[in-house]
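Make a model of this:
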Amino acid sequence: MNFQQLRIIRETVRQNYNLTEASNALYTSQSGVSKHIKDLEDELGVQLFVRKGKRLLGLTEPGQSLLGIVERMLVDADNIKRLADDFNLVNEGTLTIATTHTQARYVLPPIVSQFKKLFPKVHLILQQGSPVEIAEMLLLGEADIGIATESLTTEDALASVPYYQWQHCILTPKDHPLTQVEELSLYDLAEYPLITYHGGFTGRSKIDQAFQEASLDVEIVMSALDADVIKTYVELGMGVGIVNGVAFDAERDHRLKQIKTSLFGTNTTWIAVRKGHLLRGYGYDFISLCSPNTDIKALKKAAYPE
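Numbers count the residues shown, from 1 in each chain. Sure thing, here's the model as predicted:
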(Lines give C-alpha, C1' and ligand atoms only; values in the text may rest on other atoms or scores of the structure.)
Protein backbone atom coordinates (compact mmCIF):
# COMPACT_ATOMS: atom_id res chain seq x y z
CA MET A 1 0.00 0.00 0.00
CA ASN A 2 1.28 3.48 -0.86
CA PHE A 3 0.06 7.05 -0.88
CA GLN A 4 -0.37 7.12 -4.65
CA GLN A 5 -2.90 4.30 -4.39
CA LEU A 6 -4.76 6.22 -1.70
CA ARG A 7 -4.76 9.41 -3.77
CA ILE A 8 -6.16 7.44 -6.72
CA ILE A 9 -8.98 6.02 -4.57
CA ARG A 10 -9.91 9.51 -3.35
CA GLU A 11 -9.68 11.15 -6.76
CA THR A 12 -11.70 8.39 -8.46
CA VAL A 13 -14.56 9.05 -6.04
CA ARG A 14 -14.23 12.82 -6.49
CA GLN A 15 -14.43 12.40 -10.27
CA ASN A 16 -17.64 10.38 -9.97
CA TYR A 17 -15.82 7.10 -10.79
CA ASN A 18 -14.64 8.37 -14.17
CA LEU A 19 -11.15 6.90 -14.54
CA THR A 20 -10.26 9.22 -17.42
CA GLU A 21 -11.01 12.30 -15.32
CA ALA A 22 -9.24 10.82 -12.31
CA SER A 23 -6.10 10.09 -14.33
CA ASN A 24 -6.13 13.60 -15.81
CA ALA A 25 -6.46 15.16 -12.35
CA LEU A 26 -3.49 13.14 -11.10
CA TYR A 27 -1.40 13.62 -14.26
CA THR A 28 -1.09 9.90 -14.88
CA SER A 29 -2.46 7.33 -17.32
CA GLN A 30 -5.83 5.64 -17.10
CA SER A 31 -4.17 2.25 -17.24
CA GLY A 32 -1.93 3.28 -14.34
CA VAL A 33 -4.97 4.28 -12.29
CA SER A 34 -6.69 0.96 -13.01
CA LYS A 35 -3.56 -0.98 -12.07
CA HIS A 36 -3.13 0.86 -8.76
CA ILE A 37 -6.77 0.18 -7.84
CA LYS A 38 -6.44 -3.52 -8.74
CA ASP A 39 -3.14 -3.85 -6.84
CA LEU A 40 -4.66 -2.32 -3.71
CA GLU A 41 -7.73 -4.56 -3.93
CA ASP A 42 -5.49 -7.62 -4.32
CA GLU A 43 -3.37 -6.57 -1.35
CA LEU A 44 -6.39 -6.00 0.88
CA GLY A 45 -8.28 -9.02 -0.40
CA VAL A 46 -11.54 -7.07 -0.90
CA GLN A 47 -13.24 -5.37 -3.82
CA LEU A 48 -13.47 -1.62 -3.25
CA PHE A 49 -15.55 -0.61 -6.29
CA VAL A 50 -18.80 -1.81 -7.80
CA ARG A 51 -18.13 -2.65 -11.45
CA LYS A 52 -20.06 -3.16 -14.65
CA GLY A 53 -17.58 -4.49 -17.15
CA LYS A 54 -14.65 -2.06 -17.05
CA ARG A 55 -16.75 0.79 -15.69
CA LEU A 56 -16.81 1.76 -12.03
CA LEU A 57 -20.29 2.48 -10.69
CA GLY A 58 -19.63 3.21 -7.04
CA LEU A 59 -18.05 1.98 -3.82
CA THR A 60 -18.69 -1.38 -2.21
CA GLU A 61 -19.36 -1.47 1.54
CA PRO A 62 -15.65 -2.09 2.30
CA GLY A 63 -14.80 0.73 -0.12
CA GLN A 64 -17.12 3.14 1.68
CA SER A 65 -15.51 2.26 5.02
CA LEU A 66 -12.03 2.64 3.56
CA LEU A 67 -12.71 6.04 1.98
CA GLY A 68 -13.00 7.85 5.33
CA ILE A 69 -9.68 6.36 6.47
CA VAL A 70 -8.05 7.31 3.15
CA GLU A 71 -9.26 10.91 3.50
CA ARG A 72 -7.87 11.17 7.03
CA MET A 73 -4.53 9.62 6.08
CA LEU A 74 -4.04 11.99 3.15
CA VAL A 75 -5.04 15.02 5.24
CA ASP A 76 -2.59 13.95 7.95
CA ALA A 77 0.16 13.49 5.35
CA ASP A 78 -0.45 17.04 4.14
CA ASN A 79 -0.48 18.24 7.75
CA ILE A 80 2.95 16.68 8.37
CA LYS A 81 4.32 18.63 5.40
CA ARG A 82 2.71 21.87 6.64
CA LEU A 83 4.07 21.30 10.14
CA ALA A 84 7.59 20.88 8.78
CA ASP A 85 7.19 23.99 6.62
CA ASP A 86 6.07 25.98 9.67
CA PHE A 87 9.50 25.35 11.17
CA ASN A 88 11.67 25.33 8.05
CA LEU A 89 9.90 28.00 5.97
CA VAL A 90 8.21 30.12 8.61
CA ASN A 91 7.21 33.03 6.36
CA GLU A 92 7.08 31.28 2.99
CA GLY A 93 4.44 29.23 1.24
CA THR A 94 0.99 29.54 -0.29
CA LEU A 95 -2.31 30.61 1.26
CA THR A 96 -5.53 29.99 -0.65
CA ILE A 97 -8.58 32.04 0.31
CA ALA A 98 -11.96 31.00 -1.09
CA THR A 99 -14.49 33.81 -1.00
CA THR A 100 -17.28 35.59 -2.84
CA HIS A 101 -16.85 38.50 -5.24
CA THR A 102 -18.20 40.99 -2.70
CA GLN A 103 -15.61 40.04 -0.07
CA ALA A 104 -12.73 39.90 -2.57
CA ARG A 105 -13.68 43.20 -4.20
CA TYR A 106 -14.85 45.37 -1.31
CA VAL A 107 -13.77 43.90 2.04
CA LEU A 108 -10.45 42.09 1.66
CA PRO A 109 -8.20 44.57 -0.25
CA PRO A 110 -6.89 46.39 2.86
CA ILE A 111 -6.44 43.04 4.65
CA VAL A 112 -4.54 41.56 1.71
CA SER A 113 -2.35 44.68 1.53
CA GLN A 114 -1.45 44.41 5.22
CA PHE A 115 -0.84 40.68 4.94
CA LYS A 116 1.52 41.02 1.97
CA LYS A 117 3.57 43.63 3.84
CA LEU A 118 3.95 41.20 6.74
CA PHE A 119 4.51 38.10 4.59
CA PRO A 120 5.94 39.18 1.21
CA LYS A 121 7.11 35.64 0.41
CA VAL A 122 3.70 34.04 0.89
CA HIS A 123 1.87 33.49 -2.40
CA LEU A 124 -1.74 34.49 -1.83
CA ILE A 125 -4.46 32.97 -4.02
CA LEU A 126 -8.03 34.31 -4.04
CA GLN A 127 -10.53 31.77 -5.36
CA GLN A 128 -13.97 33.24 -6.05
CA GLY A 129 -17.14 31.17 -5.90
CA SER A 130 -20.60 30.81 -4.46
CA PRO A 131 -20.97 30.07 -0.72
CA VAL A 132 -21.70 26.41 -1.52
CA GLU A 133 -18.62 26.21 -3.75
CA ILE A 134 -16.51 27.85 -1.04
CA ALA A 135 -17.60 25.24 1.50
CA GLU A 136 -16.82 22.49 -1.01
CA MET A 137 -13.34 23.92 -1.69
CA LEU A 138 -12.62 23.84 2.04
CA LEU A 139 -13.93 20.30 2.45
CA LEU A 140 -11.91 19.06 -0.53
CA GLY A 141 -8.73 20.71 0.71
CA GLU A 142 -8.62 23.11 -2.25
CA ALA A 143 -8.68 26.19 0.01
CA ASP A 144 -7.16 26.99 3.40
CA ILE A 145 -9.65 29.64 4.50
CA GLY A 146 -13.22 30.32 3.39
CA ILE A 147 -15.06 33.64 3.76
CA ALA A 148 -18.79 33.93 3.03
CA THR A 149 -22.14 34.81 4.55
CA GLU A 150 -23.93 31.53 3.80
CA SER A 151 -23.12 27.80 3.96
CA LEU A 152 -20.03 27.87 6.20
CA THR A 153 -21.81 27.44 9.55
CA THR A 154 -23.99 24.52 8.43
CA GLU A 155 -21.09 22.12 7.77
CA ASP A 156 -20.04 20.05 10.77
CA ALA A 157 -16.60 19.51 9.22
CA LEU A 158 -15.85 23.26 9.29
CA ALA A 159 -14.87 25.49 12.21
CA SER A 160 -16.22 29.03 11.80
CA VAL A 161 -15.81 32.40 13.50
CA PRO A 162 -17.77 35.61 12.80
CA TYR A 163 -15.99 38.18 10.62
CA TYR A 164 -18.29 41.21 10.47
CA GLN A 165 -21.98 42.12 10.38
CA TRP A 166 -23.65 44.05 7.61
CA GLN A 167 -26.99 45.17 6.18
CA HIS A 168 -28.31 45.51 2.67
CA CYS A 169 -28.75 48.91 1.09
CA ILE A 170 -30.89 50.21 -1.75
CA LEU A 171 -29.31 51.65 -4.89
CA THR A 172 -31.09 53.86 -7.40
CA PRO A 173 -30.22 56.40 -10.07
CA LYS A 174 -29.79 59.82 -8.46
CA ASP A 175 -33.07 61.22 -9.78
CA HIS A 176 -35.20 58.21 -8.79
CA PRO A 177 -38.49 58.88 -6.88
CA LEU A 178 -37.40 56.60 -4.00
CA THR A 179 -34.67 59.09 -3.10
CA GLN A 180 -37.43 61.47 -1.96
CA VAL A 181 -39.06 58.96 0.41
CA GLU A 182 -38.21 59.75 4.04
CA GLU A 183 -38.78 56.32 5.60
CA LEU A 184 -38.49 53.64 2.95
CA SER A 185 -40.78 50.63 3.33
CA LEU A 186 -41.07 47.25 1.63
CA TYR A 187 -44.29 48.52 0.06
CA ASP A 188 -42.36 51.39 -1.55
CA LEU A 189 -39.79 48.96 -2.99
CA ALA A 190 -42.48 46.61 -4.28
CA GLU A 191 -43.68 49.36 -6.60
CA TYR A 192 -40.53 49.03 -8.73
CA PRO A 193 -38.66 46.25 -10.55
CA LEU A 194 -35.77 44.98 -8.45
CA ILE A 195 -32.24 43.77 -9.20
CA THR A 196 -30.40 41.76 -6.56
CA TYR A 197 -28.33 38.66 -5.87
CA HIS A 198 -28.92 35.09 -6.97
CA GLY A 199 -30.50 32.73 -4.47
CA GLY A 200 -27.96 31.54 -1.90
CA PHE A 201 -25.81 34.66 -2.33
CA THR A 202 -25.17 37.58 0.01
CA GLY A 203 -28.30 37.43 2.14
CA ARG A 204 -30.77 36.83 -0.71
CA SER A 205 -32.81 34.51 1.53
CA LYS A 206 -33.48 37.39 3.95
CA ILE A 207 -34.64 39.60 1.09
CA ASP A 208 -37.09 36.94 -0.09
CA GLN A 209 -38.25 36.27 3.46
CA ALA A 210 -38.95 39.96 4.17
CA PHE A 211 -41.22 40.33 1.14
CA GLN A 212 -42.94 37.00 1.80
CA GLU A 213 -43.70 37.92 5.41
CA ALA A 214 -45.18 41.21 4.18
CA SER A 215 -47.28 39.23 1.62
CA LEU A 216 -45.78 41.26 -1.22
CA ASP A 217 -45.22 39.97 -4.74
CA VAL A 218 -42.19 41.72 -6.17
CA GLU A 219 -40.78 41.75 -9.67
CA ILE A 220 -37.12 40.75 -9.62
CA VAL A 221 -36.18 41.54 -13.20
CA MET A 222 -32.59 40.41 -12.87
CA SER A 223 -30.37 38.55 -10.42
CA ALA A 224 -26.58 38.48 -10.49
CA LEU A 225 -23.64 36.96 -8.66
CA ASP A 226 -21.94 40.20 -7.72
CA ALA A 227 -22.72 43.79 -6.83
CA ASP A 228 -20.79 45.31 -9.75
CA VAL A 229 -23.16 43.69 -12.24
CA ILE A 230 -26.18 44.79 -10.22
CA LYS A 231 -24.93 48.39 -10.10
CA THR A 232 -24.31 48.43 -13.85
CA TYR A 233 -27.93 47.63 -14.63
CA VAL A 234 -29.27 49.97 -11.95
CA GLU A 235 -27.32 52.75 -13.70
CA LEU A 236 -29.10 51.80 -16.93
CA GLY A 237 -32.45 52.32 -15.21
CA MET A 238 -33.55 48.69 -15.41
CA GLY A 239 -34.52 48.50 -11.75
CA VAL A 240 -33.78 49.31 -8.12
CA GLY A 241 -30.77 47.49 -6.67
CA ILE A 242 -30.49 45.67 -3.35
CA VAL A 243 -26.87 44.93 -2.43
CA ASN A 244 -24.52 44.44 0.50
CA GLY A 245 -23.95 47.88 2.03
CA VAL A 246 -20.16 47.50 1.81
CA ALA A 247 -20.40 47.26 -1.98
CA PHE A 248 -21.23 50.95 -2.38
CA ASP A 249 -18.36 53.37 -2.97
CA ALA A 250 -19.57 56.98 -3.07
CA GLU A 251 -16.69 58.10 -5.28
CA ARG A 252 -16.77 55.26 -7.79
CA ASP A 253 -20.54 54.94 -7.78
CA HIS A 254 -21.21 58.66 -8.14
CA ARG A 255 -24.04 58.06 -10.63
CA LEU A 256 -26.00 56.16 -8.00
CA LYS A 257 -27.76 57.07 -4.77
CA GLN A 258 -27.41 54.80 -1.73
CA ILE A 259 -30.39 54.48 0.60
CA LYS A 260 -29.45 52.79 3.88
CA THR A 261 -32.07 50.49 5.36
CA SER A 262 -32.61 47.81 7.98
CA LEU A 263 -35.61 46.28 6.19
CA PHE A 264 -33.79 43.01 5.58
CA GLY A 265 -32.20 42.56 8.97
CA THR A 266 -28.55 42.02 9.86
CA ASN A 267 -26.28 39.46 8.20
CA THR A 268 -23.02 37.95 9.44
CA THR A 269 -20.08 37.07 7.22
CA TRP A 270 -18.06 34.12 8.53
CA ILE A 271 -14.48 32.89 8.30
CA ALA A 272 -14.08 29.11 8.22
CA VAL A 273 -11.35 26.48 8.15
CA ARG A 274 -11.63 22.74 7.71
CA LYS A 275 -11.45 20.65 10.87
CA GLY A 276 -8.40 18.40 10.79
CA HIS A 277 -6.59 20.66 8.31
CA LEU A 278 -3.38 22.03 9.84
CA LEU A 279 -3.38 25.69 8.86
CA ARG A 280 0.04 27.34 8.58
CA GLY A 281 0.84 30.02 11.16
CA TYR A 282 0.51 32.84 8.65
CA GLY A 283 -3.00 31.59 7.87
CA TYR A 284 -4.06 32.34 11.42
CA ASP A 285 -2.29 35.71 11.11
CA PHE A 286 -4.51 36.43 8.09
CA ILE A 287 -7.60 35.59 10.15
CA SER A 288 -6.35 37.87 12.96
CA LEU A 289 -5.99 40.73 10.49
CA CYS A 290 -9.58 40.16 9.34
CA SER A 291 -10.99 39.81 12.84
CA PRO A 292 -8.63 41.08 15.58
CA ASN A 293 -11.03 40.00 18.34
CA THR A 294 -11.11 36.36 17.24
CA ASP A 295 -9.83 33.90 19.85
CA ILE A 296 -7.21 32.21 17.66
CA LYS A 297 -6.36 29.62 20.34
CA ALA A 298 -10.00 28.56 20.53
CA LEU A 299 -10.23 28.38 16.73
CA LYS A 300 -7.08 26.23 16.57
CA LYS A 301 -8.51 23.90 19.18
CA ALA A 302 -11.81 23.61 17.31
CA ALA A 303 -10.10 23.09 13.96
CA TYR A 304 -7.33 20.78 15.07
CA PRO A 305 -7.97 19.32 18.55
CA GLU A 306 -5.01 17.58 20.13
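
so what's residue 3 up against?
73, 74, 77 (C-beta atoms under 8 Å, 6 or more residues apart in numbering). Yep, even glycine has a C-beta here, placed from its N, CA and C like the rest.

How about the first one, nearest residue that isn't a chain neighbour?
In space, and not counting its chain neighbours, residue 73 is closest to residue 6: 6.0 Å by C-beta to C-beta, 6 or more residues apart in numbering.

Tell me where the model's unsure across this protein.
79, 82, 85-90, 305-306 (pLDDT under 70).

residue closest to the middle of it?
Taking C-alpha atoms, centre = their mean as the criterion, residue 134 is the residue nearest the geometric centre of the chain, at 1.9 Å.

And that residue, how far from residue 217?
32 Å (C-beta to C-beta, to the nearest Å).

got it, and residue 131?
With C-beta to C-beta as the criterion, residue 131 and residue 217 are 27 Å apart.

More neighbours: those two, which one.
residue 131 (22 against 7; other C-beta atoms under 10 Å).

okay but that one is in contact with residue 154, surely?
No. Here residue 131 does not reach residue 154: they are 9.7 Å apart, not a contact under C-beta atoms under 8 Å.

sec struct for the residue nearest to residue 62 when sequence neighbours are not counted, please.
Sequence neighbours aside, residue 46 is the residue nearest to residue 62 in space, at 4.4 Å (criterion: C-beta to C-beta, 6+ apart). For residue 46, the assignment made with DSSP: H, G, I helix; E, B strand; the rest coil gives coil.

Would you enumerate the residues in contact with residue 46?
Shown in contact with residue 46 (C-beta under 8 Å, 6+ apart): 60, 62, 63.

Residue 191 too?
Per C-beta under 8 Å, 6+ apart, neighbours of residue 191: none.

Phi and psi next, for it.
Main-chain torsions, residue 191, degrees, to the nearest 10: phi -80, psi -10.

and what of residue 221?
Backbone torsions of residue 221, given as degrees, to the nearest 10, read phi -80, psi -20.

surely it meets residue 230?
No. Counting by C-beta under 8 Å, residue 221 sits too far from residue 230 to count as a contact (11.1 Å).

So which of these two has more stuff around it?
residue 230 (26 against 14).

measure the more buried one to residue 155 for me?
28 Å.

ok, and what's touching the strand or helix carrying residue 163?
Here residue 163 sits within strand 158-166, counting by DSSP states H and E. Residues outside strand 158-166 that contact it (C-beta under 8 Å, 6+ apart): 107, 135, 138-139, 146-147, 152-153, 244-246, 266-275, 287, 290-291, 294-295, 299, 302-303.

Return the subset of those lying in helices.
The helices, defined by DSSP state H, take in 135, 138, 139, 287, 290, 299, 302, 303 from those.

which stretches of the chain form helices?
3-14, 19-25, 30-44, 61-88, 101-102, 109-118, 131-139, 186-189, 204-213, 227-235, 281-290, 296-303.

ok so, going back, which neighbours do residue 221 and residue 230 have in common?
residue 195.

Around residue 291, how many other residues sit close by?
Other residues close to residue 291 by other C-beta under 10 Å number 18.

How much space separates it from residue 103?
13 Å.

Could you do residue 258 as well?
Residue 258 is 19 Å from residue 103, by C-beta to C-beta.

go on, residue 302?
Counting by C-beta to C-beta, the gap from residue 302 to residue 103 is 22 Å.

Just want to know which of those two has more residues nearby.
Set residue 302 next to residue 103 and count neighbours by other C-beta under 10 Å: residue 103 wins out with 28 against 15.

What are the neighbouring residues in contact with residue 246?
Residue 246 makes contact with 102, 106, 107, 166 under the criterion C-beta under 8 Å, 6+ apart.

For the closest residue to residue 145 other than its chain neighbours, list each beta-bridge partner.
Nearest residue to residue 145 in three dimensions, chain neighbours excluded: residue 97, at 5.1 Å (C-beta to C-beta, 6+ apart). Beta bridges link residue 97 to residue 126, residue 145, judged by DSSP bridges.
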